[in-house]
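> give me a model of this one.
(one chain, ligands or ions: 1)
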Amino acid sequence: MVDTNPFLPVSSSDGSYPTGPQITHRKPIKEHLTIFFGLLAVGLFAALLIGNNGSDNGHVHENQHGSLASSSSKKPEPLQPVSRGPAAGVSEKSNRLSANVNGNLPAYPWNNSMLSWQRTSFHFQPEKNWMNDPNGPMFYKGWYHFFYQYNPNAAVWGDIVWGHAVSKDLIHWLHLPLAMVADQWYDQNGVWTGSATILPNGKIVMLYTGSTVEAVQVQNLAYPADHSDPLLVHWVKYPGNPVLVPPPGTYKKDFRDPTTAWLTSEGKWRITIGSKINKTGIALIYDTKDFINYEKLDGVLHAVPGTGMWECVDFFPVSKTEENGLDTSVNGPGVKHVVKVSLDDDRHDYYAIGTYHEKNGTWIPDQPEIDVGIGIRYDYGIYYAAKTFYDQNKNRRVLWGWIGESDSEAADMKKGWASVQSIPRTILFDKKTGTHLLQWPVEEIESLRLKSNEFNQVSLLPGSVVPLDVGPATQLDILAEFEIDKELLKKATGSNITFSCSASGGAAERGALGPFGLLVLADESLSEQTPVYFYITKGSDGNLKTSFCNDQSRSSAASDVNKQIYGSFLPVLKGENLSLRVLVDHSIIESFAQGGRTVITSRLYPTKAIYEAAKVFLFNNATNASVTASLKIWQMNSAFIRPYPNK
Ligand code: DQQ
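Numbers count the residues shown, from 1 in each chain. Alright, predicted model coming up:
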């Protein structure tokens, strides 16, 4: 049965739906050791690292590996990435590899076995084709619902509609039919990103951006055809769509991605939508009583010059004192508010913590120098268009994020799919720093843990690499703690040289106090390896600074994949050991440092370190400091992700 009146009181007196947007303006009032010491290869590791780093930014070339070079007699064709997205008025959706790649990289002769290995086992993916942003996540009548930007026709961005899947635990998923397709003038160019709001009466409102026949961005309303269906299979688009059009002065192609609505003390619903004015990123703000008629507030929720278009804005409260999540409408003492933006210009997600002023609909960052878009990122790897939802089932706030590919489009088309979603992460305010959020994989992921191995107090001398005998190493959950020789920390001499993961020579660059950490997806000979590591430096003021990095430069013998060194400064507080959690799932690794204070996600495309040949090692490439590591490593089961039977 189709619901005809799915909302809170509709403002029109006869209860009928108005036929178009009515926008009014109001003034501002607004994350036993079976020690396997067999191979303590002092020096060998450094030699390997440095040896592999002999030329061309550390990239390994196919011709250095006879077997790879001879796997195809055809001359590799140059890679010419095609731009997808900007012409349609949205951010770049093709894999442009790294900024310094000129588009003329030779394509690697990927074979089916290599490409099949890349598909993940416990991360959410559709059965085939392209996926991008998470949309409208929610918990409803016993099911977690996940919608996503999807191209049903190809493994590249385009023809965007809403895919839909349900889960009982955020890990095992059942694919349902497409929730919404591009069948109206107001979304013919794409059913773009949107968010769900669950009203106090239990009904659901979905607001999403439609790209019209003329590629103008408008906001549309949709709702479940049958609220009694826990699977929410059928969706109805409101006949009076669009409900919001770009306000005067806003570029018609810069008005998108409505948030979940939250309540004001006046009982109205409030949403924010990303836009820009010249180079200033802005979050527009609207109040509504019925999700049909909207009043635009004067001013903006927030604006940051120089940050460009804000996509997929997210706005939510976090508790300063409690270890649980908050419903989006919660406000008051002990509550801070987070603004998160996805920067169209650099395609990274940034957040900041601050204070929300309900009366005039504004938000002020606690620390303007780390304002949203110029400060802290959710993830220092590949991660974009993230969205949270309040999970009333477990009283937590859960974060979803889109993880694109960093191989070539040609390879994506060959394998027939592109993109995965991150493991959903719980989000909490980091009481210790007061500036950061803590992101941690939802507890349900632990149900996939199989047999484990523990390694206690493994001593890592400077320049050592230690293999960890865990069996196959492509589906792992790794928990690790590292302790560096405290005397050496004290004695080390300070310097003014600043370290940054991306500008460094990666894990091959030896310092007195780093790098040390793990090598994942590494083959026996270490010709392919991805170091996930800490690097400590001492300033001339005697202060220690820790960076958390992920070095992709030797991750693959293929040259047509992204080999950037990811990472960031990591706040480590007095008394804290260095801690790390790494989820390895074929071509994706998600790494969480210090309980999720800093996170790095990488997509990796090894050619040799796959299947049984993939191994994990500990390493310490510091010149002076000894490090002790303790770890627990679980083999991970695969999740069931398949079509819902008979749907
Ligand atoms: N993806 C959607 C847009 C959004 C962008 C289009 C962010 O609504 O701005 O697929 O990746």
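> quick check: residues of the stretch 101-250 of the chain near the ligand?
By Cβ under 6 Å from any ligand atom, the residues of the stretch 101-250 of the chain that approach the ligand are 132, 133, 149, 160, 192, 193, 209. (Glycine included, C-beta is placed from N, CA and C.)
> surely the second one meets residue 193?
Yes. Between residue 133 and residue 193 there is a contact under Cβ atoms under 8 Å: 4.8 Å.
> and the two? Which one has more around it.
It is residue 193, of residue 133 and residue 193, that has more neighbours when counted by other Cβ atoms under 10 Å, with 29 against 25.
> the helix or strand in which that one is found pairs with which strands, and in what direction?
Residue 193 is part of strand 190-198 when elements are defined by DSSP states H and E. With DSSP bridges as the test, strand 190-198 is paired with strand 204-211 (antiparallel).
> elements contacting the helix or strand that the strand it pairs with is followed by?
Next along the chain after strand 204-211, taking DSSP H and E as the criterion, comes strand 217-224. For strand 217-224, the helices and strands in contact under the criterion 3 or more Cβ pairs under 8 Å, 6 or more residues apart in numbering; DSSP states H and E are strand 190-198, strand 204-211, strand 235-237.
> then stretch 509-521 to PDB, C-alphas only?
Taking C-alpha atoms only, stretch 509-521 is exported to PDB below (Å, rounded to 0.1, in the frame of the first residue of the first chain):
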ATOM      1  CA  GLU A 509      64.000   6.900   4.700                       C
ATOM      2  CA  ARG A 510      65.800   6.000   7.900                       C
ATOM      3  CA  GLY A 511      65.800   8.300  10.900                       C
ATOM      4  CA  ALA A 512      67.000   7.900  14.400                       C
ATOM      5  CA  LEU A 513      63.500   7.100  15.700                       C
ATOM      6  CA  GLY A 514      61.700   5.600  12.800                       C
ATOM      7  CA  PRO A 515      60.200   4.200  10.700                       C
ATOM      8  CA  PHE A 516      58.900   1.100  12.400                       C
ATOM      9  CA  GLY A 517      55.700  -0.900  12.000                       C
ATOM     10  CA  LEU A 518      54.200  -3.600   9.800                       C
ATOM     11  CA  LEU A 519      54.700  -4.700   6.200                       C
ATOM     12  CA  VAL A 520      51.400  -6.000   4.800                       C
ATOM     13  CA  LEU A 521      50.600  -7.600   1.500                       C
END
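> return the distance of it from the chain's centre.
How far stretch 509-521 lies from its chain's middle: 24 Å, per Cα atoms, centre = their mean, to the nearest Å.
> quick one: residues contacting the residue nearest the centre of the chain.
The centroid of the chain falls nearest to residue 383 when counting by Cα atoms, centre = their mean (3.2 Å). Neighbouring residues of residue 383 by Cβ atoms under 8 Å, 6 or more residues apart in numbering: 348, 349, 377, 401, 402, 403, 422, 599, 601.
> could you do residue 588 as well?
Shown in contact with residue 588 (Cβ under 8 Å, 6+ apart): 120, 123, 403, 420, 601, 602, 603, 604.
> number of nearby residues for the first one?
Think residue 120. There are 21 residues near residue 120, going by other Cβ under 10 Å.
> my guess is it contacts residue 422. True?
No. Residue 120 is beyond contact range of residue 422, at 10.8 Å (criterion: Cβ under 8 Å).
> quick check: domain ranges of the protein?
Listed domain ranges for the chain are 130-441, 450-642 (source: the TED database).
> where do the helices of this structure begin and end?
Assigned by DSSP state H, the chain shows helices spanning 44-52, 66-69, 112-118, 409-415, 486-491.
> check those helices for me: which has the lowest mean pLDDT.
Mean pLDDT per stretch puts helix 66-69 lowest among the helices of the chain, at a mean of 24.
> would you point out the helix or strand in the chain whose mean pLDDT is lowest?
Sorting the helices and strands of the chain by mean pLDDT, DSSP states H and E puts helix 66-69 at the bottom, at a mean of 24.
> sweet, I'm off.
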